[in-house]
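Peer 1: Could you look at this predicted model? Sequence included:
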Amino acid sequence: MKMTGAQILIECLKREGVEVIFGYPGGAVLTIYDELYRADIKHVLTRHEQGAAHAADGYARVTGRPGVCITTSGPGATNAVTGIATAYMDSVPLIVITGQVAVGFLGRDSFQEADITGITLPITKHNYLVKRVEDLSRVVKEAFYIATTGRPGPVVIDLPKDVTNQECEFNYPETVNLRGYRVLKSVNALQVTQAARAIMAAERPVIYAGGGVVISGAHQELWELAERRQIPVTTTLMGLGAFPTAHPLSLGMLGMHGTRYANYAVSDCDCLIAIGARFDDRVTGRIEDFAPKAQVIHIDVDPAEIGKNVSAHIPIVGDVKQVLTELLRRLDTCAGETPWVRQIKEWKETYPLTYERSGELIKPQYVVEQICEVTNGEAIITTEVGQNQMWAAQYYKFKQPRTMVTSGGLGTMGFGFPAAIGAQIGCPEAVVFDIAGDGSFQMNSQELATAVEYKLPVKVAILNNQYLGMVRQWQEFFYGGRYSYSDISCAPDFVKLAEAYGAVGLRATRPDEVRPVLEQAMAVKDRPVIIDFVVDRTENVCPMVPPGGSLTNMMGG
Amino acid sequence: MKHTLAVLVHNHPGVLTRVAGLFSRRGYNIESLTVGVTENPEFSRMTIVVDGDDQVIEQVTKQLNKLIDVIKISDITNEEAVERELILVKVRANPEVRGEIMQIVEIFRARIVDIGRRSLIIEATGDENKIKAIESSLRPFGIMELVRTGKIAMVRGTKDKG
């Protein structure tokens, strides 16, 4: 049957099981939108293309299914670039369909033309410019396959307007044939055996679990490994939720704003089992001092991650779940509490995460703790970037994977709120909380209109310190307290802003108001709620490893 | 140390950008990069000379392998391979020195491909050392213009078993 490019695109998306698309129409994608008008795919109209990309990203992170967004050409596509880069850094499967000027207008600096395949080359797993309608269905099939297999990532499909109008016979390929792209199916048994031996022989092992555990759905295998061999588990920011924070073997997060006990454990361990983690500089600090006594086992689906920053003694390339399943077959149960676990317990008691609980001012950490209590640790937490993100990571006790949605790699301010919208659409029954800073929230607050339009009960807890808090903290620590342009006290009244959009606005200025407003927010089921928590302006995130410092050399906390 | 990588890629538009872009954004140093279509028009072969230690070369290879259009990468640095570069040199050649230049061309088994009133264009192929040698031999006459390809390389013999 002959179909237009736009019809083919919609049909392909349906066959890939796409239920929702986030997007924003424009000249180059009008034919696609005309088809969408009658298609039975839900379309969520955001108020900015960056919002669409983050929302699709949030949807993908909580559901594990690829997120899809559509933008028009030129400025529409470039507005999505931050969203694409965010997804790339955190290995999120995202399909971004960008409109493009007609093929004949390409390369002529035509109205609303931007070379988006060129622009997104370094921030996509792959991208396509489809110049012939005959290629479209194959390209869509390949794009979904590439985005979702191996190490996931964003794929851009740039679609010239005339291609969406042209007709051809529709055939959806059953299989993908990409000679240069092979997904590893088996695991090297010898290396797994070596790793098992090293783990059995270790006296002070530590698991360092990253986002790969969450992506692979390997949290149960991780739990089994930790419990069977009594191995303490520290997670990266992206790994939060992979292992319950309240578990006795949990060390919480490690690295720059990790717990003292996680950083001590890593610095002292004799065997470091890195699982789906990439030794980011925010984790390792000074690389020469990172886990200096450890034999390093590194498990990752992406071979390029192995040896990139830290060399591994035992590298294992493969899907984390598959590798851990193989590994568990070779490990017996460790009897009783080891001296190492006792040592960890002692560190946990001596150096707990803590903050000064003053009577007058709201402490941001307290707000996070209270959010955790009212949601019983079962909410989906999205975060913005900066102090709010680190307090969320430190003080929310995550229980389940895919409940922490944060921009780990790129550190994108403005991510949390649109991501919360996507998360709420992906999980309509869940309580979704965006733990936000006043600076970050203002970067994409226009999405309030989206949340109101779709009656999404997303809750935004603004930890309002009227500063770009993390910038201020660095200026205090490393720039002699010269607060160059980090004071953002000229801000909107967030309660009124919420109300202006038709959302609920609440405010707390004293510690005893925190819990009641949170409970009020929890009761709202048909619209977004913005809670303006006026917090202690000068509170810092502690402990902190100074950039480039060693993990054992922490400030504060 | 310099490594020579033979990279088989899909002959798609933009592949060169993908490969070259990967090198620049990851901070790897390309010494030379040549590309041309193979016996099968679906594929192109790139010969990339890259400078770096073993760790750099390992990362280059792994990162290149992640590109969907890259089919195969072989590090042929330590293989028995035929390596060639092509050079074109426009050299100042007044009548009184032409004979001398022609002798040099003869010695290097190069060719004169154009004759002007005061210049000659010389074409030579060979490995890096030969190209360097011919260049330095011609330099005293005055090189007006010079253009070199990067290196191309092919492993000798066949690896088929039996």
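Peer 2: Great, that's in hand. Source: prediction; values computed, not measured. Numbers count the residues shown, from 1 in each chain, chains lettered A, B, ... in the order given.
Peer 1: need the contact list for whichever residue of the stretch 1-150 of chain A sits closest to chain B.
Peer 2: Proximity of the stretch 1-150 of chain A to chain B (Cβ to the nearest Cβ) peaks at A:His126, 4.6 Å away. From N, CA and C alone the C-beta is placed, and that goes for glycine too. If you count contacts by Cβ atoms under 8 Å, 6 or more residues apart in numbering or on different chains, A:His126 has them with A:142-143, A:146, A:153, A:155, B:68.
Peer 1: Over to A:Met3?
Peer 2: A:11, A:167-170.
Peer 1: on that earlier part again, tell me the most packed of the contacts of A:His126, by neighbour count.
Peer 2: A:Val155 (29 neighbours; other Cβ atoms under 10 Å in any protein chain shown).
Peer 1: doesn't A:Thr124 make contact with it?
Peer 2: Yes - A:Val155 is in contact with A:Thr124 according to Cβ atoms under 8 Å; the separation is 6.0 Å.
Peer 1: Need the residues touching each of the two.
Peer 2: Common contact partners of A:Val155 and A:Thr124 (Cβ under 8 Å, 6+ apart): A:Val96.
Peer 1: how much space between B:Ser44 and A:Pro516?
Peer 2: B:Ser44 sits at a distance of 67 Å from A:Pro516 (criterion: Cβ to Cβ, to the nearest Å).
Peer 1: Can you pick out the residue with more neighbours from these two?
Peer 2: The neighbour comparison of B:Ser44 against A:Pro516 (other Cβ under 10 Å) goes to B:Ser44, with 20 against 11.
Peer 1: beta partners for that one?
Peer 2: B:Ser44 forms beta bridges with B:Val9, B:Val37, as assigned by DSSP bridges.
Peer 1: what does A:Ser250 give?
Peer 2: With DSSP bridges as the criterion, A:Ser250 is bridged to A:Val233.
Peer 1: Where does chain B get nearest to chain A, residue-wise?
Peer 2: Here the residue of chain B nearest chain A is B:Lys62; by Cβ to the nearest Cβ that distance is 3.7 Å.
Peer 1: right, and the secondary structure at the closest residue to that residue other than its chain neighbours would be what?
Peer 2: With sequence-adjacent residues excluded and distances taken as Cβ to Cβ, 6 or more residues apart in numbering or on different chains, B:Lys62 is closest to A:Ala304, at 3.7 Å. Secondary structure, DSSP: H, G, I helix; E, B strand; the rest coil: A:Ala304 is helix.
Peer 1: list the contacts for the closest residue to B:Glu80 other than its chain neighbours?
Peer 2: With Cβ to Cβ, 6+ apart as the criterion, B:Glu80 has its nearest non-adjacent residue at 4.5 Å, and that residue is B:Arg156. With contacts defined as Cβ under 8 Å, 6+ apart, the neighbours of B:Arg156 are B:79-82.
Peer 1: The top strand by length along chain B pairs with which strands?
Peer 2: Ranked by residue count, the top strand of chain B under DSSP state E comes out as strand B:81-92. Using DSSP bridges, strand B:81-92 pairs in its sheet with strand B:119-126 (antiparallel), strand B:143-148 (antiparallel), strand B:152-155 (antiparallel).
Peer 1: okay, the residue nearest to B:Glu80: pLDDT?
Peer 2: pLDDT for B:Arg156: 93.
Peer 1: Is A:Ala419 within a helix or a strand, and which one?
Peer 2: Element membership of A:Ala419 [criterion: DSSP states H and E] is helix A:416-426.
Peer 1: make that A:Ala436, sorry
Peer 2: strand A:432-437.
Peer 1: what packs against that strand?
Peer 2: For strand A:432-437, the packing partners by 3 or more Cβ pairs under 8 Å, 6 or more residues apart in numbering or on different chains; DSSP states H and E come out as helix A:364-374, strand A:380-383, helix A:387-395, helix A:416-426, strand A:459-464.
Peer 1: Tell me the helices and strands packed up against whatever helix or strand comes next after the third one.
Peer 2: Same thing as helix A:387-395. The C-terminal neighbour of helix A:387-395 among helices and strands, as given by DSSP H and E, is strand A:404-405. The contact analysis (3+ Cβ pairs under 8 Å, 6+ apart) places strand A:404-405 against helix A:49-63, strand A:380-383, helix A:416-426.
Peer 1: again, 10 Å this time
Peer 2: helix A:49-63, strand A:380-383, helix A:387-395, helix A:416-426 (3 or more Cβ pairs under 10 Å, 6 or more residues apart in numbering or on different chains; DSSP states H and E).
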